[in-house]
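In: This is a predicted model, with the sequence first.
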Amino acid sequence: MNTYAHARETYAALGVDTEAALKRLATIPISLHCWQGDDVGGFEKAGGQPGGGLAVTGNYPGKARTLEELRADIDKALSLIPGRQRLNLHAFYGDFGGKKVDRDAIGAEHFQSWITWAKERNLGVDFNPTFFSHPLADDGFTLTHRDEAVRKFWIEHGAACRRIGAEIGRQLGVVCVTNVWIPDGYKDIPVDRKGPRERLEKSLDALFSEKLDPAHNLDAVESKLFGIGSESYVAGSHEFYLGYAVKNQKLYCLDAGHFHPTENLADKVSSILQFVPALLLHVSRGVRWDSDHVVVLDDPLKGMMEELVRGDFLSRTHIGLDFFDASINRIAAWVIGTRNALKALLIALLEPTAKLRCLENDGNLTRRLAMLEECKALPFGAVWDEHCRRNDVPIAAAWLDEVTAYERDVLSRRQISFS
Ligand code: RNT
Ligand code: ZN
């Protein structure tokens, strides 16, 4: 008997239908973040750290320097990931044709080539305004800035991005999630914690004021606990954005690196979704801080996916990735992180949840714990391999051979350019 057939029987004995799990898995896209391909560089200017407290470490050769290179790299990554995913774009990755287009002046025309590219591949696209890597963000404040003119510039940028998101959604026929994250905060102890937050609420109200078709664009807001250079105070904290999202019925974005390291993000889902329409996830991995390490198949990731399945939250959750590692092959980083997010989802979809729920409802907590632990040894790997086989992507570590060949044939030919 082959390993999949054996696994299918093992799961069936627990009342789990592996075929149904695979079918479901195929309907859940993961949004690949374009910024893993070039160390959050964007196409406005060359070199340097992105700013906004985002720190990318490592100098592995071969990073994408142009739109064409980035697209080729994403294509390579997608070819090694089973199923149909999405692409998550940042505003400073526009197709500006070598011209300087300031952030408040960008429009859908600068993303038309991305939209066409995505359409050809049948990919949905998500979007993000870029509130960093810009002279008007250099002092660490954007939507909360004391200077009204600076606030206005960033409000216009955010408003332009929502319109771009709506145009992306309209042309692709599948909704685009446009996510607002700003770096604003203080390195050292602030005296006025209130002022920036009051300004942030007003700025967001202005930024979101235009009515857009929710079939084309959905707005999300992303909180953060602290950043490099904003250790003492971040205006857009969890409490701020949770309140804002509830009040204005926006999507709430949970980034795995944006909380105290001992907090359990999975526990937050059922509370937040009781009061907001939907969630956006930034699946990431913090090591000691919000370090954005490549996602591995660890307990926090599995716990999150379990919660989405157990609570029947998948239809109200948009799953995106947010990590960047420049110390290893960047395409491998995408493939490892995305395959792990999908594996965690599959493990969750293969759980005998109905049985576990019965045990809990019967008060049989001993058996609940015993079963939860036994489930960890179920043969999900055979089901995952079957998923890869059916989707025509390499099984197990065989994908790495393709990345190695691509590195040899393509990445290694990219010269470092200082232009
Ligand atoms: C930063 C946030 C944000 C960024 C991207 C590039 O801490 O996580 O989501 O990583 O916008
Ligand atoms: Zn994030």
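Out: Structure's in. What do you need? Ligands and ions are numbered 1, 2, ... in the order given.

In: so what's the residue nearest to Val410 when sequence neighbours are not counted scoring on pLDDT?
Out: Distance criterion Cβ to Cβ, 6 or more residues apart in numbering; nearest residue to Val410, sequence neighbours excluded, is Ala72 at 7.1 Å. Backbone N, C-alpha and C define where each C-beta goes, glycine included. We have a pLDDT of 98 for Ala72.

In: Show me what the one helix or strand Ala72 maps to packs onto, helices and strands only.
Out: Here Ala72 sits within helix 67-78, counting by DSSP states H and E. Using 3 or more Cβ pairs under 8 Å, 6 or more residues apart in numbering; DSSP states H and E as the contact test, the elements touching helix 67-78 are strand 30-33, helix 112-121, helix 330-349, helix 399-409.

In: Could you identify which of these is most buried?
Out: Of the helices and strands packed on helix 67-78, the one with the most neighbours on average (mean count of other Cβ atoms under 10 Å) is strand 30-33, at a mean of 26.

In: Which residues of the chain lie near ligand 1?
Out: 35, 40, 54, 90, 128, 181, 222, 224, 255, 282, 322 (Cβ under 6 Å from any ligand atom).

In: So which of the residues you listed are in strands?
Out: Among the residues of the chain next to ligand 1, DSSP state E puts 90, 128, 222, 255, 282 in strands.

In: how about a markdown table for these, with distance to Gly303 added?
Out: Shown next, in a markdown table, are those (distance: Cβ to Cβ, whole Å):
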| residue | distance to Gly303 |
| --- | --- |
| His90 | 28 |
| Asn128 | 26 |
| Glu222 | 20 |
| Asp255 | 16 |
| His282 | 16 |
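
In: among the residues you listed, who's most crowded?
Out: Among those, Asn128 has the most neighbours (other Cβ atoms under 10 Å), with 26 neighbours.

In: For the helix with the most length in the chain, name the packing helices and strands.
Out: As assigned by DSSP state H, the longest helix anywhere in the chain is helix 148-172. Applying 3+ Cβ pairs under 8 Å, 6+ apart, one finds that helix 148-172 contacts helix 112-121, strand 124-128, strand 176-180, helix 194-207, strand 217-222.

In: what angle separates the second one from helix 112-121?
Out: Read it as strand 124-128. 150 degrees (axes from the mean of the first three to the mean of the last three Cα atoms, to 10 degrees).

In: Show me what from the stretch 301-419 of the chain comes close to ligand 2.
Out: The stretch 301-419 of the chain comes close to ligand 2 at residues Asp322, as judged by Cβ under 5 Å from the ion.

In: show me where pLDDT drops low in the stretch 301-419 of the chain?
Out: 416-419 (pLDDT under 70).

In: residue in it nearest to ligand 1?
Out: Asp322 (4.8 Å; Cβ to the nearest ligand atom).

In: count of neighbours near that residue?
Out: Neighbour count of Asp322, defined by other Cβ under 10 Å: 27.

In: thought it was touching Gly286?
Out: No - contact criterion Cβ atoms under 8 Å: Asp322 and Gly286 do not qualify, at 10.7 Å.

In: Find residues that contact each of those two.
Out: 256-257, 292 (Cβ atoms under 8 Å, 6 or more residues apart in numbering).

In: Strands along the stretch 251-400 of the chain, start to end?
Out: Along the stretch 251-400 of the chain, counting by DSSP state E, counting those that start in this stretch, strands occupy 251-255, 279-283, 317-321.

In: So for Ser31, which of those strands sits nearest?
Out: With respect to Ser31, and counting by Cβ to Cβ, the nearest of those is strand 317-321 at 3.8 Å.

In: Which parts of the stretch 251-400 of the chain are helices?
Out: 266-272, 299-310, 330-349, 353-361, 365-375, 380-390, 399-409 (DSSP state H, counting those that start in this stretch).

In: With distance to Lys76 as extra columns, can I get the ones you listed in JSON lines?
Out: Shown next, in JSON lines, are the helices of the stretch 251-400 of the chain (distance: least, Cβ to Cβ, whole Å):
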{"stretch": "helix 266-272", "distance to Lys76": "32"}
{"stretch": "helix 299-310", "distance to Lys76": "24"}
{"stretch": "helix 330-349", "distance to Lys76": "5"}
{"stretch": "helix 353-361", "distance to Lys76": "36"}
{"stretch": "helix 365-375", "distance to Lys76": "35"}
{"stretch": "helix 380-390", "distance to Lys76": "16"}
{"stretch": "helix 399-409", "distance to Lys76": "5"}
